[in-house]
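Q: Below is the sequence, then the predicted model.
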Amino acid sequence: MHEWKVQTTSGEVLDYGAMLWEDGISKQIYIVFLDDEERDPITNDNIVHEKFALTQSVCRNGFLAYGDFSAAKVEFTVAGIDESLLGHTVGVYLGIEEDTDHLLPLGVFTIYEDTLSTDRTQRDCVGYDYMYDVINTDMTEWLAAYKQTMGSSTILGYFRNAFFDALGIDQRSEFLNPTYFNADTTSVYKDFIPDGQQVTGDTILHSILEALGMVGYMDNNGEFVYKYVGGNKDSKYVYPGSSTYPYYYNIYPVGRTPSMTYTRSMYREKSLEWADYEVLAPDGVIVRDGNGAIIYVTNNQATNPYTVSANVIFNESPAWSVQEKAEKIFNVIQGRKYRPFEMDAIGNPCIEVGDSIDIINKYGDVIETVVMERRLTGIQTMVDEFTTKGTRYFGTYYTGAGTTAQKINGVANKIAAGGGGGGIQIRSVENLPTNPESNVIYLIQGEVVIV
């Protein structure tokens, strides 16, 4: 959660973030041209009928997928602007009560769409943050040059810093230490991606984040943030000790601390819908190579394992290193769960995607959950539309969005080649069967599970 507090000249501290929950607070949007300081900023006077929206997500499909990330999108309609905004880089800010000295940043965006209305009086603009560039950047040449600077391997922390440096994207300061995360010290081996193989920023970033057991997003200041998602309500974490395997890893118990508790006055009651189940925390990790073969399992008795599939960080790793990576992922994701929900609430951009929140429903029950996706609309009447999806179990072959797409492509290639031992079936089901069949693609509530 972003803190937005202001100290006045008299020494009084005003909590602007808390003021956003109140009625009658005047709010202003400022869209500042970061690449053209001479150009006047766009304000409420230019924005038509409060047509302003900000969409942010930690995962592309609204449900938890470790290693996932998503580009934030800003949309607005303006009038009285003659010159096109296309291609400009803008900073978007929120102000309160005409205070222009203490603005809350809402993000840094490049305008990719600028559509004139038929009467040529209005412009519909759409911009995306730097994550859009990460997803679409070809990193093949950079990677080939970087590998020339490596010995036989490097540690993950050095590699992730070099990756972001190459993109010219800042990471939030506390993450710059190349051993900030426990998994940062795991090794990335030189031939993890073969020379000449095309690779995008999407593939590399997904693999880095998944190896850390995290998701990521660009924060409102335009810096990349790593996020642990979900809490540890049942305190299933263990402390390292001589009898606890792997005792030489740092295993930290993490308690659940919600960023905000939403009472019934803070959301539209009829809009609140919640699942009658929690998305259960993984109780193991399965590692599969690019061909789908299992190469390591942390817990053979797991009933809800998370599958790492075709993660390039694991390529060329000796068995002990594969084990180390898998155990460190599991140490992070075990115990983390949440409840799917949808809700329209009073808009407050101080709540960040990935934040744990509590919601008190009409029965007085507390719904413990996470903000996976938000769409913030309006200005004076600002509304947050929250969506968090998920099924009870991860499924036998559930992975993050990037590797799922790779697996689907692999299945498609088998179909095209006439392989698959009699063909591939596609079935739409509400839940994954207890004993799923081989060579079947199961479509489950927007997920794809392949066995």
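A: Perfect, thanks for sending it. These numbers were taken from a predicted model, which means no experiment stands behind them.
Q: Pull the distance from stretch 325-343 to the chain's centre.
A: Centre-to-centre, stretch 325-343 and its host chain are 13 Å apart (Cα atoms, centre = their mean, to the nearest Å).
Q: Could you do stretch 186-206 as well?
A: The chain centroid and the centroid of stretch 186-206 are separated by 20 Å under Cα atoms, centre = their mean.
Q: for the protein, which strand is longest?
A: If you go by DSSP state E, the chain has its longest strand at strand 99-116.
Q: Where does the prediction get shaky in the protein?
A: Within the chain, the ranges that satisfy pLDDT under 70 run 231-256, 395-451.
Q: Could you pull out the helices in it for me?
A: 16-19, 131-136, 140-147, 156-167, 201-212, 319-333, 401-416 (DSSP state H).
Q: surely V13 meets W4?
A: No: look at V13 against W4 with Cβ atoms under 8 Å: they stay out of range, at 11.2 Å. For glycine as for every other residue, the C-beta is placed from the backbone atoms N, C-alpha and C.
Q: So the two - more neighbours on which side?
A: W4 (21 against 8; other Cβ atoms under 10 Å).
Q: Can you read off the backbone torsions of the more buried one?
A: phi -130, psi 90 (degrees, to the nearest 10).
Q: and it, what does it touch?
A: D15, Y16, G17, H102, L104, C350 (Cβ atoms under 8 Å, 6 or more residues apart in numbering).
Q: So what are the sheet partners of the longest strand of the chain and their directions?
A: In the sheet, strand 99-116 lines up against strand 89-96 (antiparallel), strand 122-128 (antiparallel) (DSSP bridges).
Q: neighbouring contacts of the first one?
A: Residues outside strand 89-96 that contact it (Cβ under 8 Å, 6+ apart): 16, 19-20, 25-35, 54, 74, 102-111, 127, 222, 349.
Q: where's D99 relative to T298, distance?
A: 52 Å (Cβ to Cβ, to the nearest Å).
Q: out of these two, which sits in the more crowded spot?
A: T298 (20 against 14).
Q: Just confirm the more buried one contacts E324, I think it does.
A: No: the pair T298 / E324 is not scored as a contact, 11.0 Å apart, by Cβ under 8 Å.
Q: quick one on the thing from earlier: quick one: distance of the longest strand of the chain to the chain centre.
A: With Cα atoms, centre = their mean, you get 21 Å for strand 99-116.
Q: From G168, how far out is the nearest residue to V108 once chain neighbours are set aside?
A: Nearest residue to V108, sequence neighbours excluded (Cβ to Cβ, 6 or more residues apart in numbering): G222, at 3.5 Å. As judged by Cβ to Cβ, G222 and G168 stand 11 Å apart.
Q: higher neighbour count, the two?
A: Taking neighbours as other Cβ under 10 Å, G222 and G168 compare with G222 leading, 17 against 8.
Q: Tell me the spacing between that one and D170.
A: 7 Å.
Q: Same question for L85.
A: For L85 relative to D170 (Cβ to Cβ), the value is 24 Å.
Q: the more surrounded of the two?
A: Using other Cβ under 10 Å, the more surrounded residue of L85 and D170 is L85, with 21 against 17.
Q: ok, that one touching Y112?
A: No: using Cβ under 8 Å as the test, L85 is too far from Y112 to be in contact (10.0 Å).
Q: Check the gap between the nearest residue to E174 once chain neighbours are set aside and C125 for me.
A: Spatially, and ignoring its direct neighbours in sequence, E174 is nearest to Y180 (6.9 Å; Cβ to Cβ, 6+ apart). Applying Cβ to Cβ, the value for Y180 to C125 is 37 Å.
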